[in-house]
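Enquirer: Could you look at this predicted model? Sequence included:
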Amino acid sequence: MTTQILPDQSSTESKSVQVEKMFDSISPKYDLLNRIMSFGTDKGWRKKAVDMLRPYNPKIILDVATGTADFALEALSLKPEKIEGIDISNKMLEIGREKIEAIKASHIITLSTASSEALPFTDNYFDAITIGYGLRNFENLDKGLSEIYRVLKPGGALVILETSQPTTAWQKFSVNLWTGKIVPLIGRLISNNGLAYSYLINSAKNFPYGEAFVQILKKQNFKSTTCTPLMFGVSSIYFATK
């Protein structure tokens, strides 16, 4: 059995509690560090993911593990009637609300504190669901995906942006050097929490990706599953329908 990756392996607290505290602590610098970690490409990746939902013309959207609401804000381009964003970190949500209010979109986007493994919504409610770099923080991946499946309407679409691994040796070496050595150092300098960024890197390395994750989606009864690698495979967009 694979050891569960935790922000602090020595702590006796549950993963969800540790993740909540970690994101609360790094929330003021999270957006900046995201830009650094992805070389500024994360916004383009979210746009590409959201574009996959356009043929479905979703009116009610759920953004799981919304954080500071970047994915929810990108989904505004779909012109939905309502976007619900949920996360366990109140500090991240506070920053998200500020961004939403700044563009006067609070009548469309609502952020609330909730666990992805116990979604406070009725069955078959959402036309589309988005998740950006949140799956590897789930305490129970199967339970979280089961909840996502439950609240998605039949015929609805799920799009996931998540870390993955490069395929060639030189790409792996370059990415591992950047993520394993440089990113934790930058995280320590900017956020004063190098442990958090070590966790983010380690959780990314150990999370199933590519065909392995496609099979996990199929196990949860999702259909039309696809995987689109990004930038040599350092991230991937997964798409599925119910």
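Expert: Perfect, I can see it now.
Enquirer: Least confident secondary structure element in this structure?
Expert: Lowest on mean pLDDT, DSSP states H and E among the helices and strands of the chain sits helix 169-177, with a mean of 56.
Enquirer: quick one: the helices in this structure?
Expert: For the chain, the helices defined by DSSP state H occupy 15-26, 30-37, 42-51, 70-74, 90-102, 141-151, 169-177, 183-191, 194-206, 211-219.
Enquirer: Tell me which residues touch the closest residue to residue 94 other than its chain neighbours, please.
Expert: Excluding its sequence neighbours, the residue lying closest to residue 94 (Cβ to Cβ, 6 or more residues apart in numbering) is residue 27, at 7.5 Å. C-beta coordinates here come from the backbone N, C-alpha and C atoms, glycine included. By Cβ atoms under 8 Å, 6 or more residues apart in numbering, the contact list for residue 27 reads 68, 89, 91, 92, 94, 95.
Enquirer: Likewise for residue 159?
Expert: If a contact means Cβ under 8 Å, 6+ apart, then residue 159 has 49, 50, 52, 53, 128, 129, 130, 131, 237, 238, 239 as its contacts.
Enquirer: which one's the longest strand in the chain?
Expert: Looking only at the chain and at elements set by DSSP state E, the strand with the highest residue count is strand 152-163.
Enquirer: Flag every buried residue along that strand.
Expert: Judged by neighbour count using 16 or more other Cβ atoms under 10 Å, the buried positions of strand 152-163 are 152, 153, 156, 157, 158, 159, 160, 161, 162, 163.
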